[in-house]
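Colleague: Sequence first, then the predicted structure, then my questions.
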Amino acid sequence: MSFSSLVQDLAIRDGNTPRRVPPRAANASPSVSTMDDRASQISRAMSYASTAATSVSISGDISSQLHGGYHHPLARSWQAERQLTKSMLIYPLFISDIDDDETLIPSLPGQYRRGLNKLIPFLETLVRKGLRSVILFGVPLQPGTKDALGTAADDPKGPVIQAIRLLRQRFPQLFIVVDVCLCEYTSHGHCGILRDDATLNNQLSVDRISDVAVAYAQAGAHCVAPSDMNDGRIRAIKLKLIEEGIAHKTLLMSYAAKFSGCLYGPFRDAAGSAPSFGDRKCYQLPPGGRGLARRAIVRDIGEGADIIMVKPASQYLDIISDAKELGKDMPIAAYHVSGEYAMVHAAAKAGVFDLRTMAFEVTEGILRAGATIIISYFTPEFLDWLDN
Ligand SMILES: NCc1[nH]cc(CCC(=O)O)c1CC(=O)O
Ligand SMILES: [Zn+2]
Ligand SMILES: [Zn+2]
(Lines give C-alpha, C1' and ligand atoms only; values in the text may rest on other atoms or scores of the structure.)
(Ligands and ions follow the chains in the order given, each with its own letter.)
Protein backbone atom coordinates (compact mmCIF):
# COMPACT_ATOMS: atom_id res chain seq x y z
CA MET A 1 0.00 0.00 0.00
CA SER A 2 1.41 3.42 -0.91
CA PHE A 3 1.68 6.14 1.68
CA SER A 4 -1.10 8.18 0.03
CA SER A 5 -3.53 5.31 -0.15
CA LEU A 6 -2.61 4.45 3.44
CA VAL A 7 -3.46 7.98 4.51
CA GLN A 8 -6.68 7.80 2.55
CA ASP A 9 -7.52 4.48 4.13
CA LEU A 10 -6.79 5.76 7.61
CA ALA A 11 -8.77 8.91 6.96
CA ILE A 12 -11.77 6.85 5.95
CA ARG A 13 -11.55 4.57 8.97
CA ASP A 14 -10.59 7.46 11.18
CA GLY A 15 -13.32 9.88 11.66
CA ASN A 16 -15.92 9.56 8.92
CA THR A 17 -14.14 12.34 7.10
CA PRO A 18 -13.34 10.89 3.69
CA ARG A 19 -13.95 14.26 2.08
CA ARG A 20 -10.86 15.61 3.85
CA VAL A 21 -8.74 13.45 1.58
CA PRO A 22 -7.26 15.64 -1.11
CA PRO A 23 -9.04 14.56 -4.30
CA ARG A 24 -5.88 13.99 -6.32
CA ALA A 25 -4.32 11.78 -3.64
CA ALA A 26 -7.51 9.83 -3.46
CA ASN A 27 -7.50 9.24 -7.19
CA ALA A 28 -3.78 8.72 -7.66
CA SER A 29 -3.02 5.23 -8.79
CA PRO A 30 -0.44 3.72 -6.41
CA SER A 31 0.81 1.24 -8.99
CA VAL A 32 1.88 3.64 -11.77
CA SER A 33 4.20 6.24 -10.40
CA THR A 34 7.23 7.97 -11.74
CA MET A 35 9.71 9.31 -9.22
CA ASP A 36 8.07 12.74 -9.54
CA ASP A 37 4.58 11.40 -9.11
CA ARG A 38 5.70 9.49 -6.10
CA ALA A 39 7.47 12.45 -4.48
CA SER A 40 4.48 14.70 -4.97
CA GLN A 41 2.12 12.00 -3.67
CA ILE A 42 4.20 11.72 -0.55
CA SER A 43 4.40 15.47 0.00
CA ARG A 44 0.64 15.80 -0.51
CA ALA A 45 0.03 12.96 1.89
CA MET A 46 2.35 14.52 4.44
CA SER A 47 0.74 17.91 4.26
CA TYR A 48 -2.59 16.16 4.61
CA ALA A 49 -1.30 14.26 7.61
CA SER A 50 -0.27 17.49 9.34
CA THR A 51 -3.70 19.05 8.79
CA ALA A 52 -5.30 15.83 9.89
CA ALA A 53 -3.34 15.94 13.13
CA THR A 54 -5.06 19.12 14.12
CA SER A 55 -8.47 18.49 12.67
CA VAL A 56 -9.00 14.72 13.11
CA SER A 57 -9.11 13.09 16.49
CA ILE A 58 -5.86 11.07 17.03
CA SER A 59 -7.74 8.78 19.36
CA GLY A 60 -9.38 7.24 16.33
CA ASP A 61 -6.05 5.86 15.16
CA ILE A 62 -6.13 2.80 17.37
CA SER A 63 -4.07 0.37 15.32
CA SER A 64 -0.73 2.17 15.66
CA GLN A 65 -0.76 2.17 19.46
CA LEU A 66 1.13 -0.87 20.79
CA HIS A 67 3.18 0.46 23.69
CA GLY A 68 0.29 0.39 26.13
CA GLY A 69 0.12 -3.36 25.72
CA TYR A 70 3.55 -3.96 27.17
CA HIS A 71 4.31 -1.02 29.42
CA HIS A 72 4.12 -3.09 32.59
CA PRO A 73 6.61 -5.96 33.22
CA LEU A 74 3.78 -8.39 33.80
CA ALA A 75 2.14 -7.35 30.55
CA ARG A 76 5.47 -7.93 28.81
CA SER A 77 5.58 -11.46 30.14
CA TRP A 78 2.09 -12.02 28.69
CA GLN A 79 3.43 -11.34 25.21
CA ALA A 80 5.38 -14.61 25.21
CA GLU A 81 3.58 -17.77 24.25
CA ARG A 82 5.53 -19.64 26.89
CA GLN A 83 7.75 -18.69 29.81
CA LEU A 84 10.85 -20.44 30.99
CA THR A 85 10.14 -22.63 34.00
CA LYS A 86 12.50 -24.81 36.02
CA SER A 87 10.87 -27.99 34.75
CA MET A 88 11.87 -27.15 31.17
CA LEU A 89 15.57 -27.38 32.00
CA ILE A 90 17.89 -30.37 31.67
CA TYR A 91 21.38 -29.94 33.09
CA PRO A 92 24.36 -31.72 31.45
CA LEU A 93 26.74 -33.54 33.80
CA PHE A 94 30.15 -34.99 32.98
CA ILE A 95 30.86 -38.01 35.13
CA SER A 96 34.36 -39.34 35.28
CA ASP A 97 35.54 -42.76 36.40
CA ILE A 98 37.73 -41.29 39.13
CA ASP A 99 35.45 -41.19 42.16
CA ASP A 100 36.97 -38.14 43.85
CA ASP A 101 37.54 -36.18 40.67
CA GLU A 102 36.31 -32.60 40.56
CA THR A 103 38.04 -30.81 37.72
CA LEU A 104 37.12 -27.48 36.20
CA ILE A 105 36.73 -27.71 32.42
CA PRO A 106 38.78 -24.76 31.14
CA SER A 107 36.76 -24.14 27.98
CA LEU A 108 33.40 -24.44 29.80
CA PRO A 109 33.33 -21.68 32.42
CA GLY A 110 31.98 -22.87 35.75
CA GLN A 111 31.46 -26.49 34.62
CA TYR A 112 33.24 -29.43 36.21
CA ARG A 113 33.92 -33.05 35.49
CA ARG A 114 32.97 -34.96 38.64
CA GLY A 115 33.43 -38.43 40.01
CA LEU A 116 30.63 -40.26 41.81
CA ASN A 117 31.70 -39.04 45.25
CA LYS A 118 31.49 -35.40 44.27
CA LEU A 119 28.28 -35.71 42.31
CA ILE A 120 25.84 -36.18 45.16
CA PRO A 121 26.82 -33.21 47.36
CA PHE A 122 26.90 -30.98 44.28
CA LEU A 123 23.45 -32.06 43.13
CA GLU A 124 21.90 -31.81 46.60
CA THR A 125 22.08 -28.02 46.42
CA LEU A 126 20.64 -27.91 42.91
CA VAL A 127 17.81 -30.32 43.64
CA ARG A 128 16.91 -28.17 46.64
CA LYS A 129 16.73 -25.18 44.29
CA GLY A 130 14.35 -27.00 41.98
CA LEU A 131 16.49 -28.98 39.53
CA ARG A 132 14.22 -31.54 37.82
CA SER A 133 16.38 -33.25 35.24
CA VAL A 134 19.97 -34.01 34.26
CA ILE A 135 21.62 -35.54 31.19
CA LEU A 136 24.63 -37.74 31.91
CA PHE A 137 27.82 -38.06 29.87
CA GLY A 138 30.45 -40.58 30.86
CA VAL A 139 34.10 -39.60 30.80
CA PRO A 140 36.49 -42.55 31.07
CA LEU A 141 39.85 -41.21 32.24
CA GLN A 142 41.47 -44.44 33.45
CA PRO A 143 44.13 -45.53 30.96
CA GLY A 144 43.25 -48.51 28.80
CA THR A 145 39.49 -48.01 29.01
CA LYS A 146 38.92 -47.15 25.35
CA ASP A 147 38.82 -49.62 22.47
CA ALA A 148 37.59 -49.87 18.89
CA LEU A 149 34.14 -51.08 19.97
CA GLY A 150 33.52 -48.66 22.83
CA THR A 151 33.17 -51.61 25.20
CA ALA A 152 33.25 -49.39 28.29
CA ALA A 153 30.05 -47.56 27.32
CA ASP A 154 27.82 -50.07 29.09
CA ASP A 155 30.29 -51.37 31.66
CA PRO A 156 28.14 -52.03 34.74
CA LYS A 157 31.03 -50.74 36.85
CA GLY A 158 31.50 -47.70 34.59
CA PRO A 159 30.64 -44.18 35.73
CA VAL A 160 27.38 -43.80 33.84
CA ILE A 161 25.63 -46.95 35.01
CA GLN A 162 26.91 -46.37 38.55
CA ALA A 163 25.68 -42.78 38.44
CA ILE A 164 22.21 -43.81 37.19
CA ARG A 165 21.81 -46.20 40.12
CA LEU A 166 23.12 -43.71 42.64
CA LEU A 167 20.98 -40.84 41.39
CA ARG A 168 17.83 -42.95 41.27
CA GLN A 169 18.43 -43.92 44.85
CA ARG A 170 19.42 -40.50 46.24
CA PHE A 171 17.12 -38.25 44.21
CA PRO A 172 13.95 -40.22 43.50
CA GLN A 173 12.25 -37.18 41.93
CA LEU A 174 15.07 -36.39 39.51
CA PHE A 175 14.43 -37.28 35.85
CA ILE A 176 17.53 -38.94 34.48
CA VAL A 177 18.40 -38.64 30.82
CA VAL A 178 21.47 -40.45 29.53
CA ASP A 179 23.29 -39.52 26.34
CA VAL A 180 23.94 -42.65 24.30
CA CYS A 181 27.02 -42.60 22.12
CA LEU A 182 30.29 -44.41 21.64
CA CYS A 183 32.65 -41.50 20.98
CA GLU A 184 33.58 -41.10 24.65
CA TYR A 185 34.56 -44.78 24.74
CA THR A 186 36.11 -45.55 21.36
CA SER A 187 39.87 -45.36 20.85
CA HIS A 188 39.31 -43.50 17.55
CA GLY A 189 36.76 -41.10 19.05
CA HIS A 190 34.08 -41.65 16.41
CA CYS A 191 30.43 -42.18 17.29
CA GLY A 192 30.19 -45.81 16.20
CA ILE A 193 32.10 -48.84 15.00
CA LEU A 194 34.33 -48.25 12.00
CA ARG A 195 34.87 -50.20 8.81
CA ASP A 196 38.38 -50.78 7.41
CA ASP A 197 37.99 -47.65 5.29
CA ALA A 198 37.31 -45.62 8.46
CA THR A 199 33.66 -44.96 7.63
CA LEU A 200 30.95 -45.91 10.12
CA ASN A 201 29.61 -49.44 9.90
CA ASN A 202 25.98 -48.53 10.33
CA GLN A 203 24.62 -51.98 11.16
CA LEU A 204 27.25 -52.85 13.76
CA SER A 205 27.04 -49.37 15.25
CA VAL A 206 23.26 -49.46 15.58
CA ASP A 207 23.38 -52.91 17.19
CA ARG A 208 25.94 -51.73 19.70
CA ILE A 209 24.24 -48.37 20.38
CA SER A 210 20.92 -50.05 21.04
CA ASP A 211 22.54 -52.51 23.48
CA VAL A 212 24.08 -49.58 25.32
CA ALA A 213 20.77 -47.69 25.41
CA VAL A 214 18.98 -50.73 26.81
CA ALA A 215 21.67 -51.20 29.46
CA TYR A 216 21.17 -47.59 30.62
CA ALA A 217 17.40 -48.01 30.70
CA GLN A 218 17.73 -51.25 32.64
CA ALA A 219 19.96 -49.49 35.14
CA GLY A 220 17.14 -47.01 35.70
CA ALA A 221 17.53 -44.16 33.22
CA HIS A 222 14.14 -42.54 32.60
CA CYS A 223 15.23 -41.42 29.17
CA VAL A 224 17.85 -42.51 26.65
CA ALA A 225 19.07 -39.98 24.10
CA PRO A 226 21.17 -41.37 21.25
CA SER A 227 23.48 -38.66 19.88
CA ASP A 228 25.49 -40.91 17.55
CA MET A 229 23.46 -40.13 14.40
CA ASN A 230 23.71 -43.61 12.88
CA ASP A 231 20.79 -44.30 10.55
CA GLY A 232 17.99 -46.39 12.00
CA ARG A 233 19.08 -46.22 15.63
CA ILE A 234 15.75 -44.97 16.93
CA ARG A 235 13.88 -47.94 15.53
CA ALA A 236 16.54 -50.37 16.77
CA ILE A 237 16.48 -48.93 20.29
CA LYS A 238 12.68 -48.85 20.42
CA LEU A 239 12.45 -52.48 19.31
CA LYS A 240 15.02 -53.60 21.85
CA LEU A 241 13.27 -51.68 24.63
CA ILE A 242 10.04 -53.45 23.69
CA GLU A 243 11.80 -56.82 23.55
CA GLU A 244 13.22 -56.22 27.05
CA GLY A 245 9.82 -55.16 28.39
CA ILE A 246 10.92 -51.66 29.37
CA ALA A 247 9.61 -49.58 26.46
CA HIS A 248 6.63 -48.44 28.54
CA LYS A 249 8.85 -46.71 31.08
CA THR A 250 11.69 -45.44 28.95
CA LEU A 251 11.46 -42.18 27.05
CA LEU A 252 13.34 -42.15 23.78
CA MET A 253 14.70 -38.70 22.91
CA SER A 254 16.29 -38.44 19.49
CA TYR A 255 19.04 -36.01 18.66
CA ALA A 256 17.23 -35.97 15.33
CA ALA A 257 18.56 -32.70 13.96
CA LYS A 258 22.13 -32.60 15.16
CA PHE A 259 24.34 -30.40 13.01
CA SER A 260 28.09 -30.70 12.58
CA GLY A 261 30.24 -27.68 13.23
CA CYS A 262 32.62 -26.08 15.66
CA LEU A 263 30.23 -25.51 18.54
CA TYR A 264 30.96 -28.84 20.23
CA GLY A 265 34.62 -28.07 20.90
CA PRO A 266 34.38 -27.40 24.64
CA PHE A 267 32.25 -30.54 25.09
CA ARG A 268 34.89 -32.65 23.38
CA ASP A 269 37.48 -31.16 25.74
CA ALA A 270 35.27 -32.01 28.67
CA ALA A 271 34.45 -35.54 27.55
CA GLY A 272 37.75 -36.30 25.84
CA SER A 273 35.75 -37.36 22.80
CA ALA A 274 37.36 -35.50 19.90
CA PRO A 275 37.90 -37.85 16.94
CA SER A 276 41.55 -38.88 16.65
CA PHE A 277 41.33 -38.39 12.85
CA GLY A 278 38.80 -36.91 10.43
CA ASP A 279 35.58 -35.25 11.53
CA ARG A 280 31.89 -36.04 11.99
CA LYS A 281 30.62 -34.38 8.81
CA CYS A 282 29.52 -37.64 7.23
CA TYR A 283 27.10 -38.44 10.02
CA GLN A 284 26.17 -35.11 11.63
CA LEU A 285 24.09 -32.81 9.42
CA PRO A 286 25.63 -30.08 7.23
CA PRO A 287 24.77 -26.66 8.72
CA GLY A 288 22.89 -25.53 5.60
CA GLY A 289 20.84 -28.70 5.38
CA ARG A 290 17.38 -27.64 6.43
CA GLY A 291 15.65 -30.14 4.16
CA LEU A 292 17.87 -32.94 5.38
CA ALA A 293 17.06 -32.00 8.97
CA ARG A 294 13.35 -32.11 8.19
CA ARG A 295 13.77 -35.58 6.68
CA ALA A 296 15.72 -36.78 9.73
CA ILE A 297 13.01 -35.40 12.03
CA VAL A 298 10.21 -37.07 10.08
CA ARG A 299 12.19 -40.32 9.99
CA ASP A 300 12.87 -40.36 13.72
CA ILE A 301 9.24 -39.58 14.55
CA GLY A 302 8.30 -42.53 12.34
CA GLU A 303 10.84 -44.76 14.07
CA GLY A 304 9.32 -44.16 17.48
CA ALA A 305 11.05 -41.15 19.04
CA ASP A 306 9.12 -39.64 21.95
CA ILE A 307 10.95 -36.31 21.85
CA ILE A 308 12.76 -34.64 18.97
CA MET A 309 15.84 -32.61 19.80
CA VAL A 310 17.51 -29.90 17.77
CA LYS A 311 21.16 -29.11 18.37
CA PRO A 312 22.83 -26.57 18.48
CA ALA A 313 20.01 -24.18 19.36
CA SER A 314 20.56 -20.49 18.70
CA GLN A 315 21.83 -20.84 15.13
CA TYR A 316 19.10 -23.35 14.30
CA LEU A 317 15.88 -21.65 15.40
CA ASP A 318 14.32 -22.34 11.99
CA ILE A 319 14.97 -26.03 12.54
CA ILE A 320 13.35 -25.86 15.98
CA SER A 321 10.29 -24.32 14.40
CA ASP A 322 10.36 -26.98 11.66
CA ALA A 323 10.53 -29.66 14.36
CA LYS A 324 7.58 -28.06 16.12
CA GLU A 325 5.63 -28.12 12.87
CA LEU A 326 6.59 -31.66 11.86
CA GLY A 327 6.23 -33.04 15.37
CA LYS A 328 3.30 -30.91 16.38
CA ASP A 329 2.02 -33.53 18.80
CA MET A 330 5.28 -34.10 20.62
CA PRO A 331 7.60 -32.18 22.92
CA ILE A 332 10.54 -30.51 21.20
CA ALA A 333 13.90 -30.16 22.92
CA ALA A 334 16.77 -27.82 22.07
CA TYR A 335 20.36 -28.30 23.19
CA HIS A 336 22.13 -25.01 23.86
CA VAL A 337 25.53 -26.60 23.37
CA SER A 338 28.94 -26.10 24.92
CA GLY A 339 30.22 -23.68 22.26
CA GLU A 340 27.11 -21.53 22.49
CA TYR A 341 27.45 -21.40 26.28
CA ALA A 342 31.16 -20.57 26.04
CA MET A 343 30.49 -17.79 23.52
CA VAL A 344 27.94 -16.13 25.77
CA HIS A 345 30.42 -16.30 28.66
CA ALA A 346 33.29 -14.95 26.58
CA ALA A 347 31.25 -12.05 25.26
CA ALA A 348 29.92 -11.18 28.71
CA LYS A 349 33.44 -11.28 30.07
CA ALA A 350 34.57 -8.93 27.30
CA GLY A 351 31.87 -6.50 28.37
CA VAL A 352 29.72 -6.97 25.26
CA PHE A 353 26.59 -7.62 27.32
CA ASP A 354 25.34 -8.77 30.68
CA LEU A 355 25.50 -12.55 31.10
CA ARG A 356 22.11 -13.03 32.70
CA THR A 357 20.31 -10.78 30.25
CA MET A 358 21.78 -12.65 27.29
CA ALA A 359 21.10 -16.06 28.81
CA PHE A 360 17.42 -15.13 29.07
CA GLU A 361 17.36 -13.65 25.55
CA VAL A 362 18.78 -16.84 24.08
CA THR A 363 16.27 -18.90 25.99
CA GLU A 364 13.36 -16.74 24.91
CA GLY A 365 14.42 -17.20 21.29
CA ILE A 366 14.50 -20.96 21.74
CA LEU A 367 11.07 -21.03 23.39
CA ARG A 368 9.61 -18.69 20.77
CA ALA A 369 10.85 -21.00 18.00
CA GLY A 370 8.88 -23.84 19.54
CA ALA A 371 11.01 -25.82 21.98
CA THR A 372 9.64 -26.54 25.45
CA ILE A 373 12.65 -28.43 26.80
CA ILE A 374 16.09 -26.83 26.97
CA ILE A 375 19.32 -28.64 27.69
CA SER A 376 21.51 -25.91 29.13
CA TYR A 377 24.77 -25.41 30.99
CA PHE A 378 23.10 -22.29 32.43
CA THR A 379 20.67 -24.46 34.41
CA PRO A 380 22.23 -23.81 37.86
CA GLU A 381 22.13 -20.05 37.18
CA PHE A 382 18.56 -20.22 35.90
CA LEU A 383 17.46 -21.98 39.09
CA ASP A 384 18.65 -18.89 40.99
CA TRP A 385 17.59 -16.32 38.40
CA LEU A 386 14.07 -17.70 38.14
CA ASP A 387 13.68 -17.18 41.88
CA ASN A 388 14.46 -13.48 41.77
N1 LIG B 1 28.10 -37.58 20.38
C2 LIG B 1 28.55 -37.02 21.57
C3 LIG B 1 27.91 -35.73 21.93
N4 LIG B 1 26.78 -35.66 22.64
C5 LIG B 1 26.51 -34.30 22.84
C6 LIG B 1 27.51 -33.56 22.23
C7 LIG B 1 27.67 -32.06 22.20
C8 LIG B 1 27.19 -31.31 23.38
C9 LIG B 1 27.80 -29.98 23.58
O10 LIG B 1 28.61 -29.47 22.77
O11 LIG B 1 27.46 -29.35 24.59
C12 LIG B 1 28.38 -34.45 21.63
C13 LIG B 1 29.60 -34.02 20.90
C14 LIG B 1 29.78 -34.41 19.51
O15 LIG B 1 28.88 -34.94 18.85
O16 LIG B 1 30.88 -34.22 19.04
ZN1 LIG C 1 26.95 -38.59 22.53
ZN1 LIG D 1 29.37 -39.31 19.69
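Modeller: Yes, it's here. Ligands and ions are numbered 1, 2, ... in the order given.
Colleague: only C-alpha atoms for contact and neighbour calcs from this point on.
Modeller: OK.
Colleague: secondary structure class for the spatially most central residue of the chain?
Modeller: Centroid-nearest residue in the chain: residue 334, 2.0 Å away (criterion: CA atoms, centre = their mean). The assignment at residue 334 comes out as strand when based on DSSP: H, G, I helix; E, B strand; the rest coil.
Colleague: In contact with it, which residues?
Modeller: Applying CA atoms under 8 Å, 6 or more residues apart in numbering, we find residue 334 in contact with 309-313, 320, 366, 371-375.
Colleague: Who does it form a beta bridge with?
Modeller: residue 310, residue 374 (DSSP bridges).
Colleague: Up against ligand 1, what does the stretch 151-300 of the chain have?
Modeller: With CA under 6 Å from any ligand atom as the criterion, the stretch 151-300 of the chain meets ligand 1 at residues 181, 227-228, 264, 267-268.
Colleague: Who's the closest spatial neighbour of the closest residue to ligand 1 within the stretch 51-200 of the chain, skipping the chain neighbours?
Modeller: Using CA to the nearest ligand atom, the closest approach of the stretch 51-200 of the chain to ligand 1 is made by residue 181 at 5.4 Å. Spatial nearest neighbour of residue 181, chain neighbours left out: residue 228 (5.1 Å); criterion: CA to CA, 6 or more residues apart in numbering.
Colleague: Could you count how many residues lie near that neighbour?
Modeller: 25 (other CA atoms under 10 Å).
Colleague: thinking it is in contact with residue 192, fair?
Modeller: Yes. Contact criterion CA atoms under 8 Å: residue 228 and residue 192 qualify, at 6.9 Å.
Colleague: okay, and the common contacts of those two?
Modeller: Shared contacts of residue 228 and residue 192 (CA under 8 Å, 6+ apart): 181-183.
Colleague: Can you tell me the SS state at whichever residue of the stretch 1-150 of the chain sits closest to ligand 2?
Modeller: Nearest residue of the stretch 1-150 of the chain to ligand 2: residue 137, at 7.4 Å (CA to the ion). For residue 137, the secondary structure call by three-state DSSP comes out as strand.
Colleague: show me the contacts for it.
Modeller: The neighbourhood of residue 137, defined by CA under 8 Å, 6+ apart, consists of 92-95, 160, 178-179, 271.
Colleague: From these, which land in strands?
Modeller: Within those, residues falling in strands by DSSP state E are 92-95, 178-179.
Colleague: Please indicate which of these has the highest neighbour count?
Modeller: Using other CA under 10 Å as the neighbour test, these are led by residue 95, with 29 neighbours.
Colleague: residues contacting that residue?
Modeller: With CA under 8 Å, 6+ apart, residue 95 has these contacts: 113-116, 119, 136-139, 159-160, 163.
Colleague: Adding distance to residue 100 and pLDDT as columns, could you present those residues in TSV?
Modeller: Compiled in TSV, the contacts of residue 95 are given as follows (distance: CA to CA, whole Å; pLDDT from 0 to 100):
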residue	distance to residue 100	pLDDT
113	10	97
114	7	97
115	5	97
116	7	96
119	9	97
136	17	98
137	17	98
138	15	97
139	13	96
159	12	96
160	15	98
163	13	98
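Colleague: now the helices for this protein?
Modeller: Remark: helices assigned in the chain by DSSP state H are 3-15, 23-27, 35-55, 73-78, 116-129, 159-170, 202-219, 233-243, 265-271, 290-302, 317-326, 338-349, 355-369, 379-385.
Colleague: mind giving me JSON lines with the ones you listed and columns for mean neighbour count?
Modeller: Listed next are the helices of the chain as JSON lines, based on neighbours: other CA atoms under 10 Å:
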{"stretch": "helix 3-15", "mean neighbour count": "19"}
{"stretch": "helix 23-27", "mean neighbour count": "15"}
{"stretch": "helix 35-55", "mean neighbour count": "15"}
{"stretch": "helix 73-78", "mean neighbour count": "11"}
{"stretch": "helix 116-129", "mean neighbour count": "15"}
{"stretch": "helix 159-170", "mean neighbour count": "20"}
{"stretch": "helix 202-219", "mean neighbour count": "22"}
{"stretch": "helix 233-243", "mean neighbour count": "21"}
{"stretch": "helix 265-271", "mean neighbour count": "20"}
{"stretch": "helix 290-302", "mean neighbour count": "18"}
{"stretch": "helix 317-326", "mean neighbour count": "21"}
{"stretch": "helix 338-349", "mean neighbour count": "18"}
{"stretch": "helix 355-369", "mean neighbour count": "17"}
{"stretch": "helix 379-385", "mean neighbour count": "17"}
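Colleague: would you turn those into a markdown table with distance to ligand 2?
Modeller: Formatted as a markdown table, the helices of the chain follow (distance: least, CA to the ion, whole Å):
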| stretch | distance to ligand 2 |
| --- | --- |
| helix 3-15 | 55 |
| helix 23-27 | 65 |
| helix 35-55 | 60 |
| helix 73-78 | 35 |
| helix 116-129 | 20 |
| helix 159-170 | 12 |
| helix 202-219 | 10 |
| helix 233-243 | 13 |
| helix 265-271 | 10 |
| helix 290-302 | 17 |
| helix 317-326 | 20 |
| helix 338-349 | 13 |
| helix 355-369 | 22 |
| helix 379-385 | 19 |
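Colleague: Quick one: closest of those helices to residue 149.
Modeller: Closest approach to residue 149 among the helices of the chain is made by helix 202-219 (8.2 Å; CA to CA).
Colleague: the inter-axis angle of the closest one versus helix 159-170?
Modeller: Relative orientation of helix 202-219 and helix 159-170, computed by axes from the mean of the first three to the mean of the last three CA atoms, to 10 degrees: 30 degrees.
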